[in-house]
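In: Could you look at this predicted model? Sequence included:
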Amino acid sequence: MPTPIIKTAIRRWPLKRSFAISRHVFTDNLVLEVTIEVDGIQGRGECEPHEFDVAVTRSAEAAVLALDHAAWNHLDPAALNATLPRSPWRNAIDCALWDLKAKREERRIWEVLELDISAHDTFPIFETIALDTPERMADFARQAVGAPGLKLKLGSADGRDCERLEAVRAAAPGLELTIDANEGWSIDQLSDILPLARRHDVTCIEQPVPAAIEVGLSSLPRLVPLCADESCLDRSSLPQLRGLYDMINIKLDKTGGLTEALALQQQAAAMGFKTMIGCNGGSSLAQAPAVLLAPTAVMVDLGSHWLADDHQPSLDTTDHRIGLPKAELWG
């Protein structure tokens, strides 16, 4: 077999407008792209080593390029998952290997993985509302016509999160509503907002408090289901989440690749957790593998429509539904 070649590139994907969460305001997505080539055939993957830190991203790129060839030139994602420690950049290598495998076998990735998916399947995707003033968040909710649901970014330190929830619910009275606090609350703050969230039929609250204090969740009445995001990395995370959360948010950068994400989803279901599929931003290349997890998820938080530019062909998110990637993009 010809000697495999690995290449990297750091990219910035600009956003159409700034996007705020509890801990940062984003104007672009900073990503690391990995390409593995064998005999002229290329497989690609993309990850976000850090939300915005260039030094961390460059360090991740250096780690990829410094890897012993024996760690990945077997071209086996399962072997990679078993031997290389979990990291966002393992995700990029893992997804590149799956893409390469599909292209070398001239089959679509869901066929390679023997998943019960059809090429024409599409999945409903939620619209995310960035953290802003209650008025502007309500305006955005009014514009989200046709979305199956809304995901509100809350967790602000200004004490106006209840106002934000009230405003968005008034603007979208019939729409499914979820909240993502990105670890922005204390246990007491969550306790205060839970009755309001229940009254407004909030479907779930994602990562309401920092992982370091989440043991306190066990003492709260379960008025609204809770979903673990930052607290759920891979299968090893699941045992300590029992009794604290009802759902988990699976992101490929957290699991370290599609291989682990598929195993995590299966094990989570066996343990009684519902799953949602999310992303750290990124381009269509980063999100394409995650679409494979959508069929059994109760919520899909994907889509690159926030980007001012993207890979072509990009993922199709027409009418708030996301389709499987074209072979030219990935898989």
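Out: Yep, it's here.
In: Could you count how many residues lie near the nearest residue to residue 84 once chain neighbours are set aside?
Out: Excluding the flanking residues, the one nearest residue 84 by CB to CB, 6 or more residues apart in numbering is residue 90, at 5.2 Å. The C-beta positions use only the backbone N, C-alpha and C, and glycine is treated the same way. Look at residue 90: counted by other CB atoms under 10 Å, it has 30 neighbours.
In: Doesn't residue 90 lie inside a strand?
Out: No - looking at residue 90 with DSSP: H, G, I helix; E, B strand; the rest coil, it is helix, so not inside a strand.
In: check contacts around it.
Out: 80-81, 84, 256-257 (CB atoms under 8 Å, 6 or more residues apart in numbering).
In: Same question for residue 105.
Out: Contact analysis of residue 105 by CB under 8 Å, 6+ apart lists residue 112.
In: would you put the C-alpha positions of stretch 133-143 in PDB?
Out: Extracted C-alpha coordinates of stretch 133-143, given in PDB (Å, rounded to 0.1, in the frame of the first residue of the first chain):
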ATOM      1  CA  THR A 133     -31.300  41.500  25.300                       C
ATOM      2  CA  PRO A 134     -34.800  40.000  25.800                       C
ATOM      3  CA  GLU A 135     -36.100  42.300  23.100                       C
ATOM      4  CA  ARG A 136     -33.600  41.200  20.400                       C
ATOM      5  CA  MET A 137     -34.000  37.500  21.400                       C
ATOM      6  CA  ALA A 138     -37.700  37.800  21.000                       C
ATOM      7  CA  ASP A 139     -37.300  39.500  17.600                       C
ATOM      8  CA  PHE A 140     -35.100  36.500  16.500                       C
ATOM      9  CA  ALA A 141     -37.700  34.100  17.700                       C
ATOM     10  CA  ARG A 142     -40.400  35.800  15.600                       C
ATOM     11  CA  GLN A 143     -38.200  35.400  12.500                       C
END
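In: Low-confidence regions, the chain specifically.
Out: Within the chain, the stretches with pLDDT under 70 are 1, 20, 22.
In: Not counting sequence-adjacent ones, nearest residue to the residue nearest the centre of it?
Out: Central residue of the chain (CA atoms, centre = their mean): residue 279, 1.8 Å from the mean position. Excluding the flanking residues, the one nearest residue 279 by CB to CB, 6+ apart is residue 287, at 5.1 Å.
In: can you check residue 89 too?
Out: Among residues not flanking residue 89 along the chain, residue 60 sits closest, at 4.4 Å (CB to CB, 6+ apart).
In: what about the one you found, distance to residue 93?
Out: Taking CB to CB, to the nearest Å as the measure, residue 60 falls 11 Å from residue 93.
In: do residue 56 as well
Out: When residue 56 is compared with residue 93 (using CB to CB), they lie 17 Å apart.
In: So for these two, which sits in the more crowded spot?
Out: residue 93 (26 against 16).
In: so where do the strands sit in the chain?
Out: For the chain, the strands defined by DSSP state E cover 5-21, 24-38, 41-47, 122-124, 127-129, 149-153, 176-180, 202-206, 226-228, 247-250, 274-277, 299-300, 321-323.
In: between those, which one is nearest to residue 214?
Out: strand 226-228 (8.0 Å; CB to CB).
In: Who does the closest one pair with, and is each partner parallel or antiparallel?
Out: Sheet pairing here is set by DSSP bridges, and for strand 226-228 it gives strand 202-206 (parallel), strand 247-250 (parallel).
In: Could you give the separation of the last one from the chain centroid?
Out: On the basis of CA atoms, centre = their mean, to the nearest Å, strand 247-250 sits 9 Å off its chain's mean C-alpha point.
In: go on, the longest one?
Out: Between the mean C-alpha point of strand 202-206 and the mean C-alpha point of its chain there is a distance of 16 Å (CA atoms, centre = their mean).
In: between that strand and strand 176-180, how big is the angle?
Out: Strand 202-206 runs at 20 degrees relative to strand 176-180, counting by axes from the mean of the first three to the mean of the last three CA atoms, to 10 degrees.
In: got a list of what the closest residue to residue 195 other than its chain neighbours touches?
Out: Once flanking residues are discounted, residue 195 sits nearest to residue 223: 6.3 Å by CB to CB, 6+ apart. Residues near residue 223 by CB under 8 Å, 6+ apart: 194-195, 197-198.
In: Relative to residue 204, how far out is residue 223?
Out: According to CB to CB, residue 223 stands 11 Å off from residue 204.
In: go on, residue 296?
Out: Residue 296 is 16 Å from residue 204, by CB to CB.
In: same thing with residue 187?
Out: From residue 187 to residue 204 the distance is 17 Å (CB to CB).
In: Between the two, tell me which one has more neighbours.
Out: residue 204 (23 against 17).
In: from what I can see the more buried one touches residue 225, true?
Out: Yes - in this structure, residue 204 is within contact of residue 225 by CB atoms under 8 Å, at 4.5 Å.
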